[in-house]
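A.B. asks: what follows is a predicted structure for the sequence shown.
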Amino acid sequence: MKKSIIAFPRIGENRELKFALEKYFRKEISEKELQQVAKAIRLTNWQRQKNAGIDFPISNDFSFYDQTLDLSIALNAIPERYNELNLNKLDTLFALARGFQDEAHDVTARPMKKWFNTNYHYLVPEINRETTIKANFSKLIDEYREAKESGIETKPTVIGPYTFLTLAEYLEDTTVETVLSEIINAYQQLLVSLNQENVKWLQIEEPALVLDQSKEEIVLFEKIYQELLKHKNKVKVQLQTYFGDIRDSYTSVCELDFDGIGLDFVEGRETAALIQKYGFPKDKLLFAGVVNGKNIWRNNYQQSLEVLNAIKTEAQIIVNTSCSLQHVPVTTKNEDKLEKNILKHFSFANEKLEEISQLADIYFTGNEQLLHQNEALFNEKRIQENLQLKQAIDHLAEKDFIRQPSLERRRTLQNEALHLPLLPTTTIGSFPQTVEVRRARLNHKKGELSNEAYDTFLEEKIRECIELQEKIGLDVLVHGEFERNDMVEYFGEQLDGYVFTQKAWVQSYGTRCVKPPIVWGDITRPHSMTVRWSTFAQEQTAKPVKGMLTGPVTILNWSFPREDISLRESTLQLALAVQAEVLDLEKAGIKIIQIDEAALREKLPLRKSDWYSEYLDWAIPAFRLVHSKVRPETQIHTHMCYSEFEDIISSIDAMDADVISFEASRSELSIIDALKTHHFQTLVGPGVYDIHSPRVPSTNEIKTQISRILDKLPLEQVWINPDCGLKTRGNEETILSLEHLVEATNLIRSGV
Ligand code: GLN
Ligand code: ZN
């Protein structure tokens, strides 16, 4: 064995799975037709892997929705309320994934969470008192057989018990112990079935090993596998880890009876050092993850070769990807709008198969020609470096990251300048992107709507939006963001240094895919990006209108970043571009500017010990750089989507914004306690209602929510707003909800 991957994208080259699923949900196709689409995708994927010489193409990496959900189902961890719907197998899966409603039933979907440090979301397994774990791995077995029937011997993959137990939610005083022995038993049964099928290799994925592990967790991991591996019999078991190194359990992993161990050499900063220090067992195979499964750049063979050559072991090495390829798009082949000279630097899933194959060729047989071709690609001058920008960044001094005067002093000046009432009301930025808005944008993009006509349309929408907000009685208005397709792409398209793909979709969850833009070169801002719309909006009203920008960290986190310069460097480039925009807005008379950092929490390193040194130590200053040069009277707002920042609260305060709004309505306001305990200084707008559902909150409900906030925080510190942008909502529910929000605020203000 020489070549391996961990998993392949399952959405299909042209998002076939997404479209088939959506048709199935709309009842336009039958289950059988859906299954045919799925089967075709699987067969194509296996054939591709086989053609590239991957020794064991991967099976069971296919999923209709999510592989963690598939595992919950395989273990029978299906809460009773879903079984009670009496749906068939597939529709039960979709009920768990998307919720189910008819005249007689109303069951919500299982919650989703971000899969480790990626933009993919998994469905959180639920363990409750009624949970009875039973093995039913028929999906895995069926897919193995399906491949075998088409002449392909695959390596089935499955998420491991330790990761499952780590990610699960435990309800009704259940714990890991409640289900542990049954879970081990279920995996043992899987091994028995695999032996009956004559399966050669099983890959067990345990990404949870790259998290900080306590002593108890390491013991738990050891216990699971000591038991489990007793039953492997003839099946060989590969333990696969990714998204980092496994420093806490490396020695245990080496001692356990695995036949192969998969390690990540891309994100695993200490992987090589661990091998050097503790050695690697010579009787096991080492699956060396050197081809980056998360980014889209070509692999630098020389560098990968150095990594492989530095591994001092007698064990056999297999060239592998660093993680599943589901985090990159399927193929560069369909990108006909990008120049060849650009495209040749990119490698999506298909191209990565070829890279594995070529690297193995170079490593095992010393294919010099392949190595030199690749060297030539990397020796080429890909971009013209912007020396001026580099100097500007090199010369940044501490004072460039510090806004003067102090927050307190600014607050007095801003109060005098803005004359806002107590508990100022506002929204997060976007207003509903109705069919009309999306159609106009599409027609403009296709050239069917002229620039002038499109601009007039946008002005009309802005005028309406301002009028509406005045009528509702909000205090700080927004222009509505009708010109934006997406909060990152919109800026990327106007900045120099970005490139865009046509079909490079990556699954975010279920049927939802995203197409992250690619940072190609040094980022600069050739012209102002938002001033025109913000000033137009401000001209329509005497009330302040917020300028609306996306922050540098979020722009970078939702793009494919460069690998030839650091994330810090790219973020600072973006920060300088956004800073220039902030100053232009200020010059144009905009008094309040919101800089969204929706995705700041998202890329927090998996290990706590890396939080500051690897991330926050530059991410927070990058944000500060953006607003450090504004006048004291200009009020800077920021917005963050996930309120899970209790553990980094002082870093959020250190962003030194004047006001922050965030999602709080679903987190039971627990974060408010944390704000209080940590003496949070920034003014806060904890969202008072959930915009992720079309439900209209009543005035009374919002009033109660505000009162609960005011129980904990002083009146002068609080802003009133929904918990995120209104883009995905309809007009009707939006207007009603905002009317209730203003009404509730007025009642509180007048002490009723
Ligand atoms: N200003 C953006 C909007 O309202 C923020 C979106 C977000 O937080 N995801 O749409
Ligand atoms: Zn948000």
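C.D. replies: Okay, I see it. Residues are numbered from 1 along each chain as shown. Ligands and ions are numbered 1, 2, ... in the order given.
A.B. asks: which parts of the stretch 551-700 of the chain sit against ligand 2?
C.D. replies: Ala598, Cys641 (C-beta under 5 Å from the ion). In short, each C-beta sits where N, CA and C put it, glycine included.
A.B. asks: now do the chain
C.D. replies: The interface of the chain toward ligand 2, taken as C-beta under 5 Å from the ion, is made up of Ala598, Cys641, Cys724.
A.B. asks: nearest residue to the first one in space, please, no chain neighbours.
C.D. replies: Of all residues beyond its chain neighbours, the one nearest Ala598 is Cys641 (4.3 Å), with distances taken as C-beta to C-beta, 6 or more residues apart in numbering.
A.B. asks: in contact with the one you found, which residues are there?
C.D. replies: Counting by C-beta atoms under 8 Å, 6 or more residues apart in numbering, Cys641 makes contact with Ala598, Ala599, Arg601, Phe662, Glu663, Cys724.
A.B. asks: where's the residue positioned nearest the centre of the chain, which helix or strand?
C.D. replies: For the chain, the residue lying nearest the average C-alpha position, counting by C-alpha atoms, centre = their mean, turns out to be Asn119 (1.9 Å). Asn119 belongs to no helix or strand when elements are defined using DSSP states H and E.
A.B. asks: any idea which of the contacts of Cys641 is least confident?
C.D. replies: Of all the contacts of Cys641, Glu663 has the smallest pLDDT value, namely 85.
A.B. asks: Asn320 sits in which helix or strand?
C.D. replies: Going by DSSP H and E, Asn320 is in strand 317-321.
A.B. asks: by contact count, what packs against that strand?
C.D. replies: Helices and strands touching strand 317-321, as assessed by 3 or more C-beta pairs under 8 Å, 6 or more residues apart in numbering; DSSP states H and E, comprise strand 285-291, helix 349-365.
A.B. asks: and the last one, how far out from the chain middle?
C.D. replies: When you say that, I think you mean helix 349-365. Relative to its chain's centre, helix 349-365 lies at 28 Å (C-alpha atoms, centre = their mean, to the nearest Å).
A.B. asks: equivalent analysis for the shortest one, please.
C.D. replies: In this view, strand 285-291 has its centroid 25 Å away from the chain centroid, taken as C-alpha atoms, centre = their mean.
A.B. asks: helix or strand next in line after it, which one?
C.D. replies: Towards the C-terminus, the helix or strand next in line after strand 285-291, according to DSSP H and E, is helix 301-310.
A.B. asks: ok, residues contacting that next one?
C.D. replies: Residues outside helix 301-310 that contact it (C-beta under 8 Å, 6+ apart) are 265, 272, 288, 290-291, 317, 319, 355, 358-359, 362-363, 370-371, 374-375, 378.
A.B. asks: circling back to that earlier point, the residue nearest to the centre of the chain and Lys113, how far apart?
C.D. replies: Taking C-beta to C-beta, to the nearest Å as the measure, Asn119 and Lys113 are separated by 12 Å.
A.B. asks: got it, and Phe500?
C.D. replies: Going from Phe500 to Lys113 by C-beta to C-beta gives 29 Å.
A.B. asks: just Thr154 next, same as before
C.D. replies: If you measure Thr154 against Lys113 using C-beta to C-beta, the figure is 29 Å.
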